[in-house]
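Q: quick one: sequence and predicted model below, then my questions.
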Amino acid sequence: MQLRALRGKCCLLNLDRQNQYRARYQSETEGWQPSGDAYEATIRRYLTKDSVFLDLGCGRGGLPEKLAEEQFSQLFGLDPDIASLVEYRAPGVQLANGLADDLPYQANSFDVIIATWLFEHLPAPEKTLAELQRVLRPNGKLILLTPNVKHPLLWANRISQLLPAIQGKLVERLYDRAEADTFPVTYKANTPATLKSLAAKAKLTVKELQIIPDPSYLAFNDVMYRLSVGLEKVLPQSWGVHLLVVLEKGR
């Protein structure tokens, strides 16, 4: 705990501080929601108490923790990292170890599948989407949140991936994220056009697509925050840093 607190003090932009800038931007920008809030609200619109729900790449927890407390009973989580599953925080979620492109579930199993900060890491998103289409029920929804590679911040991240050791330490220093939690990215499904094309090949329909700006990632101080807000105003709307997408399987 002492080490964690020390790291939080030495980094430039830990999560608490980033959320403070997000709250400030929300108060200054009519109708804007942080992508996490918009994502949860979107998921809940498609959920009922009877929904069979899968969190793909579930990590140690997340939205299923809330749903378990709210008496949603058909909750599943899948992740390739056994250590994360061992540390999972919600006892009401049925967990499995596996990969997104080879799911250990029968066809037509799920009403709603979510993928949170996952698609940017996929080496073969076409295979993953085919698998997700297989395990979704007719009219089932796949809801995903992922970065938009058109945003300049993502250009910088792609360049830094060429030097992974430096990139991991830089993320830890700037954002208070452990180097072990910084995973390689591929960005093979990270523009609106690419996602639409991949979805069509997997026989999934794009039901919703939101492009969400967020200036907080460069808000290391008030000056950088104001510069980031100014950048968001001049960038094309299609370059917003986050993509929130709902894909639907047909009947």
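A: Alright, I've got the coordinates. Numbers count the residues shown, from 1 in each chain.

Q: after whichever strand or helix holds Asn19, which helix or strand is next?
A: Here Asn19 sits within helix 15-28, counting by DSSP states H and E. Proceeding N to C from helix 15-28, the next assigned helix or strand is helix 35-45, under DSSP H and E.

Q: just to revisit the earlier point, pull out the buried positions in the helix holding Asn19.
A: 17-18, 21-22, 24-25 (16 or more other CB atoms under 10 Å). Placement of C-beta: from N, CA and C, glycine included.

Q: which of those residues lies closest to Lys66?
A: Comparing those against Lys66 with CB to CB picks out Arg22 as the nearest, at 19.5 Å.

Q: and the pLDDT at that closest one?
A: Note on Arg22: pLDDT of 96.

Q: surely it and Pro213 touch.
A: No: Arg22 sits out of contact with Pro213 when judged by CB atoms under 8 Å, with a separation of 11.1 Å.

Q: in the stretch 51-200 of the chain, which spans are strands?
A: 53-56, 75-79, 94-97, 110-116, 136-147 (DSSP state E, counting those that start in this stretch).

Q: possible to save the ones you listed as CSV with mean neighbour count, mean pLDDT and distance to Lys203?
A: Converted to CSV, the strands of the stretch 51-200 of the chain look like this (neighbours: other CB atoms under 10 Å; pLDDT from 0 to 100; distance: least, CB to CB, whole Å):
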stretch, mean neighbour count, mean pLDDT, distance to Lys203
strand 53-56, 26, 98, 18
strand 75-79, 21, 98, 22
strand 94-97, 14, 98, 25
strand 110-116, 23, 98, 15
strand 136-147, 21, 98, 10
